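In: from the sequence below, what's the structure:
(2 chains)
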Amino acid sequence: GAVVSQHPSWVICKSGTSVKIECRSLDFQATTMFWYRQFPKQSLMLMATSNEGSKATYEQGVEKDKFLINHASLTLSTLTVTSAHPEDSSFYICSARDRVQGGVWGAFFGQGTRLTVV
Amino acid sequence: GENVEQHPSTLSVQEGDSAVIKCTYSDSASNYFPWYKQELGKRPQLIIDIRSNVGEKKDQRIAVTLNKTAKHFSLHITETQPEDSAVYFCAATPLGSGGYNKLIFGAGTRLAVHP
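Out: You can find the predicted model right below:
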């Protein structure tokens, strides 16, 4: 089946530093990947839609300059949290759709990254 | 934009009973409705989905129904088992999402199945 791998699984960083999170589709090509943020016991909030070879589309209220998204290939998208602050601490999770399996509309999720900013 | 409401937020049932989770959506153009199961500390897993041209879909003990007129869809789990305990999320895909099929999620339902 479709496998999405996300790294790292957890990261602790100091306030003011930047953190990069990778999302890879291992056995399929993903023209579109999505980045979500999930607070404890809450739902998944869509942050942005990442499209291979073009600029990401951000949801309202999400700071583009703070959450940099790059989708350089059909199997890799990255999210960089710049100048991280404690309020950025959260669970970040990516998902991807299989470009080939047009009949499979459901997105497959990575295992998520727990970011803690101290 | 699309808004998805999910009820109840928590649901407790006895093993063997049925569980029903309901969601409503606001964008009448939404055309795809998946359900995800998320166990503690794990990624969401797609368990069943339905498209707007279908009224009901079943897969063993789980089923999903869709009422396009009322803009609501429901997840039905029969003969519940303790391993069904998890958080369940519904989602909708607005047709106007530029073809990217982004998912807008409901708030989630925490299902507890007691032996």
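
In: drop to CA atoms for contacts and neighbour counts, all remaining ones
Out: Fine.

In: for residue 6, pull up the helix or strand it's in.
Out: All of this is about chain A. strand A:4-7 (DSSP states H and E).

In: think we crossed wires, I meant chain B
Out: With DSSP H and E as the test, residue B:6 turns up in strand B:4-7.

In: thinking again about what came up before, what lines up beside the strand holding residue A:6 in the sheet?
Out: Strand A:4-7 has the following sheet partners, assigned by DSSP bridges: strand A:19-25 (antiparallel).

In: for the nearest residue in space to residue B:40 that is not next to it in sequence, give the beta-bridge partners.
Out: Nearest residue to residue B:40 in three dimensions, chain neighbours excluded: residue B:86, at 7.0 Å (Cα to Cα, 6 or more residues apart in numbering or on different chains). Counting by DSSP bridges, residue B:86 is bridged to residue B:111.

In: what does residue B:76 give?
Out: Assigned bridge partners for residue B:76, using DSSP bridges, are residue B:20, residue B:63.

In: and it, how far from residue B:67?
Out: In this view, residue B:76 and residue B:67 are 14 Å apart by Cα to Cα, to the nearest Å.

In: ok, back up a step: tally of neighbours for the residue nearest to residue B:40?
Out: 18 (other Cα atoms under 10 Å in any protein chain shown).

In: that one: what's it in contact with?
Out: Neighbouring residues of residue B:86 by Cα atoms under 8 Å, 6 or more residues apart in numbering or on different chains: B:37-40, B:110-112.

In: tally of neighbours for residue B:69?
Out: Neighbour tally, residue B:69, other Cα under 10 Å: 7.

In: repeat for residue A:27
Out: Neighbourhood size, residue A:27 [other Cα under 10 Å]: 12.

In: picking up where we left off before, against residue A:45, how distant is the residue nearest to residue B:40?
Out: Residue B:86 is 19 Å from residue A:45, by Cα to Cα.

In: and residue B:25, by the same measure?
Out: 16 Å.

In: contacting residues for residue 73?
Out: Defaulting to chain A. Taking Cα under 8 Å, 6+ apart, one finds A:52-53 in contact with residue A:73.

In: not what I meant, chain B
Out: B:22-24, B:33, B:64-67.
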